[in-house]
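sharing a model that was predicted from the sequence below.
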Amino acid sequence: MDLQRHISANALMATEAFECSICQDRLVDPVTTECSHTFCRHCISKCFGQVVSSFTAAASPTVPCPLCRASIAIHYDVNPGLVAQMCQQGLLRSQQPGAHVGTGATINDIDGNRTETETFDLVFERESTDGSGNAGALEADFVWRGGTVHSTYLKATCRVQGSVGADGVLCARADYSNGPWAEWSGMLVQQPDHALFALSNGKYIWHGWDKITHGTLELNFRAAETC
């Protein structure tokens, strides 16, 4: 099951108006171009690669729209009006069963570069309906901030999909918008208040640009509030 797009039956018809033309599924963090086409932020980011300038910058380069090929400026500003409409329809990821909000970071073992994420929405749907176990599946889209040593991933996105075993072990794949991908692992630990989850002994193995690197992975999230 595609977790981040799992919706209630009474909202199924509404999803057709909120569909990404790249992944052909429900929009996540919708970005609208000058030619009025809308895509998931990660999908358009992966299509264009790492962000290089804002939509309003005079020196912003242009690229062809993935749908109509019209010349458009690179930008990744989420469309607030569309987000509001999706909220009214109950279609946001933060409104779905198992919705959480959190932050994360990676620390490279080679150069010590620490790169943190912006706050993200995550769907963690557990197999147990009473919340007694942590086995389940999770999915999220991350946006990265600048690093402490370099900012290779500044404004880049990654889409993370994975599973958590009955023993709490996380196994996930993160696909980055600027090409590379990474294996994520660790032990998901639920805090005493049962609202906060944290990743213990988190690790990543990064594959890209003809090399492999590794480091420490941090991940924390708690139950999301409604929009």
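Good, I have the coordinates.

low-confidence stretches in this structure?
Residues of the chain meeting the criterion pLDDT under 70: 1-16, 49-60, 130-132, 193-194, 226-227.

mind listing the strands for it?
Using DSSP state E, the strands of the chain run over residues 30-32, 38-40, 62-64, 71-73, 99-108, 114-117, 120-126, 136-147, 157-164, 169-176, 181-190, 196-208, 211-223.

let's have these in a markdown table, adding mean neighbour count and distance to Gln89.
C-beta coordinates here come from the backbone N, C-alpha and C atoms, glycine included. Compiled in a markdown table, the strands of the chain are given as follows (neighbours: other CB atoms under 10 Å; distance: least, CB to CB, whole Å):
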| stretch | mean neighbour count | distance to Gln89 |
| --- | --- | --- |
| strand 30-32 | 21 | 13 |
| strand 38-40 | 23 | 15 |
| strand 62-64 | 14 | 30 |
| strand 71-73 | 16 | 26 |
| strand 99-108 | 20 | 15 |
| strand 114-117 | 19 | 27 |
| strand 120-126 | 21 | 16 |
| strand 136-147 | 21 | 19 |
| strand 157-164 | 21 | 22 |
| strand 169-176 | 18 | 27 |
| strand 181-190 | 18 | 31 |
| strand 196-208 | 17 | 28 |
| strand 211-223 | 17 | 21 |
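
quick one, what contacts Leu67?
Going by CB atoms under 8 Å, 6 or more residues apart in numbering, Leu67 touches 21, 35, 37.

any idea how far it is from Thr216?
Going from Leu67 to Thr216 by CB to CB, to the nearest Å gives 39 Å.

what do you get for Ala73?
36 Å.

distance to Pro80 added to the strands of the chain, as JSON lines?
As requested, those are exported to JSON lines (distance: least, CB to CB, whole Å):
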{"stretch": "strand 30-32", "distance to Pro80": "10"}
{"stretch": "strand 38-40", "distance to Pro80": "13"}
{"stretch": "strand 62-64", "distance to Pro80": "23"}
{"stretch": "strand 71-73", "distance to Pro80": "18"}
{"stretch": "strand 99-108", "distance to Pro80": "18"}
{"stretch": "strand 114-117", "distance to Pro80": "21"}
{"stretch": "strand 120-126", "distance to Pro80": "15"}
{"stretch": "strand 136-147", "distance to Pro80": "16"}
{"stretch": "strand 157-164", "distance to Pro80": "18"}
{"stretch": "strand 169-176", "distance to Pro80": "26"}
{"stretch": "strand 181-190", "distance to Pro80": "30"}
{"stretch": "strand 196-208", "distance to Pro80": "28"}
{"stretch": "strand 211-223", "distance to Pro80": "23"}
